[in-house]
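>>> Give the three-dimensional model of this entry:
(one chain, ligands or ions: 1)
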Amino acid sequence: MRDYRQEIRDKKRIVVKIGSSSLQHEATGELDYIRMDVLVRELCNLRNQGRDVVLVTSGAIAAGKKAVRLDQNAPFQNPMAVKQACAAIGQARLMMTYQKIFSEYNQVAAQILMTRFTVEDETNRVNAQNTFQELFSMGVIPIVNENDTVATHEIEFGDNDTLSAVVASMIGADLLILLSDIDGLYTDDPRSNPEASFVELVEQLDDSFLRMGKSSTGSGVGTGGMSTKLTAARIATSCGADMIIANSADIRIIHRLMDGRNLGTLFVARPDDAFDLPVFLKRLHEGGDGKEEQHA
Ligand code: GLU
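Just a heads-up that it's a prediction; the model follows:
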């Protein structure tokens, strides 16, 4: 019998996704530098082990709002423009902080901002893939976020869970780690149902698991809930990557997972040649669950 957890030790190309709520102090909403430092140290250590590493990070809009002390309750004439302006401010701040910490560990980092168009348009997709490839051969860690400043509803992913799985698929990653404010997948929402039990391993992502997804997010910041994580799992596993949902309460969980420890929920890769990512994303965006085309 395969020991999926031990196989994690040999993963070569890893995408780590962290959400806004994991990067800020709950009480003030300001960036938590200590947590960011631990995250960067973990990623640099993976790089020093000779693995390719990508960070998908949220937090731009939240950091931008903080920077201009935005009154959340004020009536905005164009809330979309306000959000995009905050993303423009916050993305630069976020990167400045990351760059500073990465350089302390002698690691070069780069920024890649994407929209759904980057995947759906072939020229854009190939360009992005070439860029990732070059960055890996230079030993650089790409830091990815959605290009919120230009992303309108038509071209947005909307959440970084989906974005991180798309990145994993585009670069042929063999592992995606989603750091979350929850331990992993439960059979029901453990915040409202004390009977809910924890799921350690998902070998096949069938409908019974997909029904366990709840679209709420516990933290009130960020956009991901369990349903976007299950969408991410479908993309990642179909494209040949294992995916782990793990609790970001202690970010050092990254190296514990890489040591093969049984933490979080592991979704095992099930490569599916018929899986068409651009079509899947289109269906998802149109309000379906992207499911039909999987066996088309
Ligand atoms: N891209 C958004 C940001 O950086 C967050 C999206 C998400 O939380 O999933 O603020």
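>>> contacting residues around stretch 229-237?
Contacting residues not belonging to stretch 229-237 are listed as 161-162, 164-166, 168-169, 173, 176, 178, 180, 185, 202, 205, 209-210, 212-213, 242-243, 245, 267-270, 277, 280, 284, 289-290 [CB atoms under 8 Å, 6 or more residues apart in numbering]. No exception for glycine: its C-beta is placed from N, CA and C like everyone else's.
>>> Show me those that map onto strands.
176, 178, 180, 185, 202, 242, 243, 245, 267 (DSSP state E).
>>> Pick out the most distant pair among the residues you listed.
Using CB to CB, these span at most 16.1 Å, a distance reached by 180 and 242.
>>> who does the helix ranked longest in the chain touch, helix- and strand-wise?
The helix that spans the most residues within the chain, counting by DSSP state H, is helix 79-104. If contacts are counted by 3 or more CB pairs under 8 Å, 6 or more residues apart in numbering; DSSP states H and E, helix 79-104 sits against helix 33-48, strand 52-57, helix 60-67, strand 109-114, strand 141-146.
>>> that older thread, which one of residue 180 and residue 242 is surrounded by more residues?
residue 180 (29 against 24; other CB atoms under 10 Å).
>>> Apart from its chain neighbours, what residue comes closest to that one?
Distances taken as CB to CB, 6 or more residues apart in numbering place residue 245 nearest to residue 180, at 5.6 Å, with adjacent residues excluded.
>>> which ones are touching the one you found?
Contacts of residue 245 by CB under 8 Å, 6+ apart are 178, 180, 182, 183, 184, 185, 229, 264, 265, 267.
>>> Point out the least confident one among these.
Ranked by pLDDT, these bottom out at residue 182, which has 89.
>>> Now residue 138: closest residue in space that isn't a chain neighbour?
Once flanking residues are discounted, residue 138 sits nearest to residue 108: 7.4 Å by CB to CB, 6+ apart.
>>> Might one say that the one you found is in contact with residue 141?
Yes - between residue 108 and residue 141 there is a contact under CB atoms under 8 Å: 7.3 Å.
>>> any idea whether residue 249 is helix, strand or coil?
Using DSSP: H, G, I helix; E, B strand; the rest coil, the structure places residue 249 in coil.
>>> Look at it and say how many residues are nearby.
Neighbours around residue 249, by other CB under 10 Å: 13.
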